[in-house]
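> A predicted structure for the sequence below; I have some questions about it.
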Amino acid sequence: MTSTTGTISCRARIQASVLALAMTALPLAVEAEELSLEGKTIGVTVIGTDHHWDLMAYQGQLDEIERLGGEAIALDAGRNDQTQISQIQTLIAQKPDAIIEQLGNIDVLDPWLKKIVDAEIPLFTVDTATPHAINNTTSNNYNIGAELALQMVQDMGGEGKILVFNGFYSVPVCKIRYDQLKYVLENFPEMEVIEPELRDVIPNTVQSAHSDVTDMLTKHGEDSGLKAVWACWDVPMVGATQAIEAAGRTDVKTYGVDGSPEYVEMVADPASPAAAVAAQQPYEIGKQAVQNVARYLGGQEVPPFSFVPAVLINKENAATAGADFLPKE
């Protein structure tokens, strides 16, 4: 790489670091006070629990509500927007002491989140940025997006083509991670996102990604400059990685977010095309959301955002940093 590219790389890292510092100005609070939800009923509505991240965050909420002495009304929408809306209506009618909403399509959800507030029920969210929530507990997705992009830039040597899955831009966390990817890439003119972008789907995520990447590998051979595949979560990267392995390609690597055990295991395998994953702590995110509810109902102030740290796992650190995220024996 030229010295000019090196300067650009340095500037990009500084910009990303400054943004990350700004976004962690409201750190995750670790307090020793006794919290209680004794006598309280907490509604929990989630778009789905079929993905490892979703299930762990959901379970973290239910376990912490029980631990703090509360009662949960827990509703899983099974990946159906209209079902979640119907379940939100049900929760509003039951008048719980607070409602926690997890993920989903913000364009569809936002009017119904406002109805929760209009019903004078305190609203808290997990991975859903909305002005209607008292608090959103999440990872620092700005940092996740920038750090994963910088890892990819480093692995690619600052040049080459990238396949990007961008099917869930209406989900706030995916929007942030994608926007951070594009922000970092602005500083690297020799890197190119292949158009049109791919669309990840639910259900059949792994199979669909495998098929899409197989087709793209045929169109973009080893002399094409294709070096990476990226998505805002890691389930499609399982399929993408399998497709690259099946094609016998060693020139293309995959990058994802969440820390699903199957994908972390791929990153930890030195022979796998899976290069890096930003692993979140969804169970801790769910617990923290419930603790924020308990603080609020106990008369304490809570910040608008709580950030639970994520861990960037790559080939170099997978044996240590990835140990807690690998499948349990």
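Perfect, I can see it now.

> contacts, neighbours, all on C-alpha from now
Will do.

> low pLDDT regions in the stretch 201-329 of the chain?
329 (pLDDT under 70).

> now the helices for the stretch 201-329 of the chain?
Using DSSP state H, counting those that start in this stretch, the helices of the stretch 201-329 of the chain run over residues 205-219, 235-247, 261-268, 282-297, 318-321.

> got it, and the stretch 51-200 of the chain?
Along the stretch 51-200 of the chain, counting by DSSP H, counting those that start in this stretch, helices occupy 52-67, 81-94, 106-118, 141-156, 172-185.

> tell me the angle of the fourth one relative to helix 172-185?
In terms of direction (axes from the mean of the first three to the mean of the last three C-alpha atoms, to 10 degrees), helix 141-156 departs from helix 172-185 by 40 degrees.

> Ok, the second one next?
Taking the same axes, to 10 degrees, one finds helix 81-94 and helix 172-185 inclined to each other by 130 degrees.

> circling back: most packed of the helices of the stretch 51-200 of the chain?
helix 141-156 (a mean of 23; mean count of other C-alpha atoms under 10 Å).

> rewinding a little: closest to A321 out of the helices of the stretch 51-200 of the chain?
For A321, the closest of the helices of the stretch 51-200 of the chain is helix 141-156, at 14.9 Å, according to C-alpha to C-alpha.

> For that closest one, which helices and strands make contact with it?
helix 3-23, helix 172-185, strand 226-230, strand 253-258, strand 274-279, strand 311-314 (3 or more C-alpha pairs under 8 Å, 6 or more residues apart in numbering; DSSP states H and E).

> For it, give the mean pLDDT please.
Helix 141-156 comes out with an average pLDDT of 98.

> Okay, A268 and W230: tell me how far apart.
Relative to W230, A268 is positioned 18 Å away (C-alpha to C-alpha, to the nearest Å).

> Could you do V108 as well?
26 Å.

> And for E262?
17 Å.

> for Q180, same thing?
From Q180 to W230 the distance is 12 Å (C-alpha to C-alpha).

> ditto for K114
34 Å.

> before we move on, what about L75?
For L75, the distance to W230 - C-alpha to C-alpha - is 31 Å.

> For those two, work out which one has more neighbours and name it.
W230 (26 against 20; other C-alpha atoms under 10 Å).

> Would you mind confirming that that one makes contact with C174?
No - taking C-alpha atoms under 8 Å as the definition, W230 is not a contact partner of C174, at 11.7 Å.

> Check the burial of L68 by counting its neighbours.
18.

> all numbers from here: first residue = 750
All right, first residue 750 from here; so that's L817.

> what residues are up against it?
Taking C-alpha atoms under 8 Å, 6 or more residues apart in numbering, we find L817 in contact with L784, S785, L786, E787.

> ok, for the first one, nearest residue in space, not its chain neighbours?
Excluding the flanking residues, the one nearest L784 by C-alpha to C-alpha, 6 or more residues apart in numbering is A1043, at 6.1 Å.

> In contact with that neighbour, which residues?
Residues in contact with A1043, defined by C-alpha under 8 Å, 6+ apart, are L784, S785, L786.

> quick one: which of those residues is most hemmed in?
L786 (23 neighbours).

> picking up where we left off before, redo the helices of the stretch 950-1078 of the chain as a markdown table? Include distance to A1025.
Listed next are those as a markdown table, based on distance: least, C-alpha to C-alpha, whole Å:
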| stretch | distance to A1025 |
| --- | --- |
| helix 954-968 | 17 |
| helix 984-996 | 10 |
| helix 1010-1017 | 6 |
| helix 1031-1046 | 18 |
| helix 1067-1070 | 9 |
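
> out of the ones you listed, which comes closest to T839?
helix 1031-1046 (19.9 Å).

> Using PDB, write out every CA atom in the closest one.
Below are the C-alpha coordinates for helix 1031-1046, written out as PDB (Å, rounded to 0.1, in the frame of the first residue of the first chain):
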ATOM      1  CA  PRO A1031     -27.400 -10.800  24.300                       C
ATOM      2  CA  TYR A1032     -28.200 -12.500  27.600                       C
ATOM      3  CA  GLU A1033     -26.600  -9.600  29.500                       C
ATOM      4  CA  ILE A1034     -28.400  -7.100  27.300                       C
ATOM      5  CA  GLY A1035     -31.700  -8.700  28.300                       C
ATOM      6  CA  LYS A1036     -30.800  -8.700  32.000                       C
ATOM      7  CA  GLN A1037     -29.700  -5.000  31.800                       C
ATOM      8  CA  ALA A1038     -33.000  -4.000  30.200                       C
ATOM      9  CA  VAL A1039     -34.900  -5.500  33.100                       C
ATOM     10  CA  GLN A1040     -32.600  -3.900  35.700                       C
ATOM     11  CA  ASN A1041     -33.300  -0.500  34.000                       C
ATOM     12  CA  VAL A1042     -37.000  -1.200  34.400                       C
ATOM     13  CA  ALA A1043     -36.600  -2.000  38.100                       C
ATOM     14  CA  ARG A1044     -34.600   1.100  38.700                       C
ATOM     15  CA  TYR A1045     -37.200   3.300  37.000                       C
ATOM     16  CA  LEU A1046     -40.100   1.700  38.800                       C
END
